[in-house]
Structure formats: structure tokens, C-alpha cells
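Enquirer: below are the sequence and a predicted model for it; my questions follow.
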Amino acid sequence: MCARPLRMEVEVESCWLLLLLLLCCMALHSEAIETVNVVDFCGQNIRGDGMIVNSHQESKKYYFVTMGTDCHLTMQASSPKDKVQFHFRFFLVYSLLRVAPLSPAPLFPESPRGSAPVNPRLEPTSGESLGDPCHAGSYVQFYDGRDRRSPPLGPPLCGKSPPRPVLSTGNYLTLRLVTRGTQPRVDFVGDFTSFRL
């Protein structure tokens with residue numbers, strides 16, 4: 001007679017464990033946010049409600065030191081009526097030694113993955129001038145559209161303090177990362193979010 005209530009308790013406890021496991025799986029599936037990095041997804045367009053964006057794969061572990069990088073990543077909102085916001089959580093973008101934008105590339109043995117050093121002759125962003133704090137150094141630039149031919153949103157961003165969130169006027173927002181000068185120090189983490197006013 002005592003065995004019957006014990007068996008019912010075990011069955012009820014098993015049901016609760018199964019229900020708890022099912023709820024955990026649902027929460028993990030619904031809360032999973034894609035994480036991408038600008039360097040590996042260079043030139044790609046990603047559509048969604050949101051994602052975490054790192055500057056590079058070893059973000060928050062090593063500074064990104066490849067010279068001559070010029071990559072962009074475009075976020076498309078999940079709905080045509082939505083807009084896109086980017087919010088930095090961590091931001092570190094600068095170069096220890098700057099070079100003039102049109103000077104020949106110095107040869108340094110620090111290019112990883114067997115790549116040869118790249119000439120830092122890059123197309124300037126609009127508004128680039130000697131008064132620009134990012135002039136001839138590494139920077140991040142946002143564009144209000146599908147690619148970097150779209151209108152820039154604000155000046156180039158560099159330094160060690162996270163900038164303010166950036167908002168698109170349409171349903172595309174493009175982030176461009178450029179490393180110039182020698183010994184670029186680049187590491188950032190932020191969120192792309194699709195939203196509707």
C-alpha cells in the first residue's frame with residue numbers, strides 16, 4: 001500500500017522534470033541571438049530582429065591588429081516598416097601610429113593568416129579632414145542604407161569611449177570598419193536591433 005503513493009510521486013516528479021526541460025529548451029531557442037563579426041561577414045547583408053556584432057572573432061580577448069582592413073556589414077530590419085539601431089556595448093578603435101592616407105604602405109611582419117601587408121590608400125569618408133580626430137587612423141563609419149555608397153550617419157567614430165546609438169531612417173544600416181596606420185587597436189561589441197516607432 002505504501003508503494004503506490006511513492007510510484008505516483010515519482011511519476012509526478014518525472015512529469016515536472018520533463019515540463020521544466022521543455023520550457024528550458026523553448027527559452028534557449030527563443031532567446032538565441034545570432035552573433036556575427038565584421039571581419040568574417042565582410043560585405044554581407046544580414047536580415048533579422050537583432051544580432052550581436054563583434055569587430056572580430058577574438059573580440060574581448062585580443063586587439064584586432066591586421067592593417068589595411070576595409071569591411072562593411074549591413075543589417076536589414078526584419079520588416080520593411082522597421083528601422084535599425086546599433087548600440088555599442090564596448091568600443092576601442094584607434095591606431096598607435098598614424099600614416100598619411102595617400103602615403104605608401106610600410107612593411108611590417110604583423111599581418112596574420114599569411115596575408116601580405118595592404119596599402120592603406122583607402123577612399124576617404126565624406127567630411128574627412130585634418131580636423132577630424134580619426135584622420136589617418138582606424139575608424140568605424142555608419143551609412144544610412146544598403147552599403148557604403150549610402151549617406152553617412154555622422155562623422156567617423158574612433159577612440160575609447162562607446163559612441164551614442166545610431167539609428168537608420170529606413171530598414172537598412174551599414175557599419176564599416178577601416179584600419180589605417182600601423183598597429184591598429186580595434187575591438188568593439190554592439191547590437192543591431194530592428195524596431196518600429
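Expert: That came in fine, so what should we check first? Numbering: from 1, shown residues only.

Enquirer: pretty sure Asp147 is touching Thr74, no?
Expert: Yes. Using C-beta atoms under 8 Å, Asp147 is in contact with Thr74, at 6.4 Å. The C-beta positions use only the backbone N, C-alpha and C, and glycine is treated the same way.

Enquirer: all helices for this structure, in order.
Expert: Under the criterion DSSP state H, the chain contains helices at 3-31.

Enquirer: where does the prediction get shaky in it?
Expert: Scanning the chain for pLDDT under 70 picks out 1-33, 65, 98-131.

Enquirer: ok so, going back, what do Asp147 and Thr74 both touch?
Expert: Applying C-beta atoms under 8 Å, 6 or more residues apart in numbering, one finds that Asp147 and Thr74 are jointly contacted by Thr174.

Enquirer: wait, Thr174 sits on Pro151?
Expert: No. Contact criterion C-beta under 8 Å: Thr174 and Pro151 do not qualify, at 10.4 Å.

Enquirer: residue boundaries of the strands in the protein?
Expert: In the chain, the strands defined using DSSP state E lie at 34-37, 45-48, 50-54, 70-77, 83-97, 139-143, 166-167, 172-178, 182-195.

Enquirer: packing partners for the second one?
Expert: Using 3 or more C-beta pairs under 8 Å, 6 or more residues apart in numbering; DSSP states H and E as the contact test, the elements touching strand 45-48 are strand 34-37, strand 70-77, strand 182-195.

Enquirer: let's see that with 10 Å instead.
Expert: Under the contact criterion of 3 or more C-beta pairs under 10 Å, 6 or more residues apart in numbering; DSSP states H and E, strand 45-48 touches strand 34-37, strand 70-77, strand 172-178, strand 182-195.

Enquirer: for it, which strands pair with it and how are they oriented?
Expert: strand 70-77 (parallel) (DSSP bridges).

Enquirer: and the strand it pairs with with strand 50-54, angle?
Expert: Counting by axes from the mean of the first three to the mean of the last three C-alpha atoms, to 10 degrees, strand 70-77 points 170 degrees away from the direction of strand 50-54.
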